[in-house]
Every structure is written in C-alpha cells, then in structure tokens.
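> Below are the sequence and a predicted model for it; my questions follow.
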Amino acid sequence: MHDKPLAIYPGSFDPFTLGHKDLVERGLAVFDRLVVAVVDNPQKTSLFTSEERVQMIREAFDYDPRVRVEAFDGLLVDYVKAIGARVILRGLRAVSDFEYEFQMAQMNRQLEDSIETFFMMTGQNFFYLNSRLVKEVARLGGSVRGLVPDNVLARLEEKFGVNR
Ligand code: ADP
C-alpha cells in the first residue's frame, strides 16, 4: 500500500503544543510521511473535541501533504496495522515520561510484535511543556503565547478570553 516510510504519531493533543509540532518536524527528517493520530476517547473529558483537534493540527501544518491528521479510537496497534504502517513515534520529555512510555511500548509490542515504537526528544525549550499545563494556564487567564501554534492560541483565547 505504501512505498515510503510512514510513522504514526499518536496522542491526545488536547491541545497541540509547539512541543508536539517540534516532534513532528523532527520526525519528518527521518520518515517521509507522518500520520498524526488523535485519540478519540469519549470516556475522557477533553477541552477540544477530536474534530477540533484534528482541524487545528491540520492548520498548524498548513495542510502539508507529508502530514496526515486523523482521529482514531480503539487499539492503537489495530489502527497502525490498518493504515499499513510499522512504526509508532512517541516523544520523550524529562524523566517522568519514561515509565509510562516504556509500559505502553512494551504492551504494544506484546500485542503486535511487528510494530516498533520510536522515541524522539523535542527541542530543549519544550522539555517541560505539556498540554495539561497549557490548559490550566489558559483557563486561569495566563498567556500561552510561544507554547502553542498561533492558530491554537487563537482557539484558546476564544474559549477562555485574552489576557495580554
Ligand atoms: P498522551 O498520548 O499521553 O495523551 P500527549 O497527547 O500529551 O500524550 O502527547 C503525545 C506524545 O507526544 C507523547 O509521546 C508525549 O510524550 C509527547 N509529547 C508531548 N509533549 C511533548 C513535548 N513537549 N516534548 C516532547 N514530547 C512531547
């Protein structure tokens, strides 16, 4: 189905941050194409719907044809197989990510041995950046400029009002 190396970058992306964006850009230096796969989990409350998150990520890459953005539900390995990919891309920040990421990678390997998980580090500026903090700060009226793409900033400002 696919002739060029393809990786899946899954996550909640609620919202998509510059840390996520940096990781996609680094990923594109290694893989020809990436699918950013937005987890659509109705059991988890999210600030933005999966459709909104997909839309915002597409905009953030200006509809770059190398970056496909889709929502998915169910088991990640099933989705990866359905799409014809063999690689899951995940980001690592400070030490706190290791435990959880290793558990997930091992579980996914247990479920589907032919799929590999690749880890990449983001740029140093984004080591401590996470979506939860971005939401908290935005909700409390603080500025998250420089932490999220401009189009995401605009959506957060729409939701929570602006504090300049
Ligand atoms: P989750 O899948 O746990 O809901 P997120 O949507 O927040 O996580 O992130 C998706 C992936 O991107 C995860 O692998 C996470 O470790 C990684 N990630 C998130 N923020 C950053 C960042 N600032 N730098 C590097 N990787 C990140």
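Good, I have the coordinates.
> Give me every residue in this structure lying close to the ligand.
Residues of the chain found near the ligand (CB under 6 Å from any ligand atom) are 11-13, 17, 19-20, 23, 90-91, 93, 97, 122, 126, 129-131. Bear in mind the C-beta positions are built from the backbone N, C-alpha and C, glycine included.
> Any idea which of these the model trusts least?
In terms of pLDDT, the weakest of the residues of the chain next to the ligand is Asp97, which scores 84.
> tell me the phi and psi of the residue nearest to that residue when sequence neighbours are not counted?
Closest residue in space to Asp97, ignoring its immediate chain neighbours: Gly91 at 7.6 Å, by CB to CB, 6 or more residues apart in numbering. The phi and psi torsions at Gly91 (degrees, to the nearest 10) take the values phi -100, psi 150.
> Gly91: neighbour count?
Neighbourhood size, Gly91 [other CB atoms under 10 Å]: 20.
> in the sheet, who's paired with it?
Applying DSSP bridges to Gly91 gives these bridge partners: Met120.
> how far away is it from Phe98?
12 Å (CB to CB, to the nearest Å).
> what ranges do the helices span in this structure?
With helices called from DSSP state H, the chain shows them at 18-28, 50-60, 76-83, 96-111, 131-139, 150-160.
> which strands and helices sit next to the longest one?
On a contact count with 3 or more CB pairs under 8 Å, 6 or more residues apart in numbering; DSSP states H and E, helix 96-111 meets helix 76-83, strand 87-92, strand 116-121.
> in this protein, which ranges drop under the pLDDT threshold?
Where the chain drops to pLDDT under 70, the residues are 1-4, 162-164.
> again, only this time at 50
Within the chain, the ranges that satisfy pLDDT under 50 run 2.
> hang on, the earlier thing: want to throw the helices of the chain into CSV with mean neighbour count and distance to Leu34?
Shown next, in CSV, are the helices of the chain (neighbours: other CB atoms under 10 Å; distance: least, CB to CB, whole Å):
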stretch, mean neighbour count, distance to Leu34
helix 18-28, 21, 5
helix 50-60, 20, 11
helix 76-83, 17, 11
helix 96-111, 13, 17
helix 131-139, 17, 19
helix 150-160, 17, 18
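> now these as CSV including distance to Phe118?
Formatted as CSV, the helices of the chain follow (distance: least, CB to CB, whole Å):
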stretch, distance to Phe118
helix 18-28, 8
helix 50-60, 19
helix 76-83, 12
helix 96-111, 9
helix 131-139, 21
helix 150-160, 25
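> hang on, the earlier thing: who are the contact partners of the residue nearest to Asp97?
Residues in contact with Gly91 (CB atoms under 8 Å, 6 or more residues apart in numbering) are 19-20, 23, 97, 119-122.
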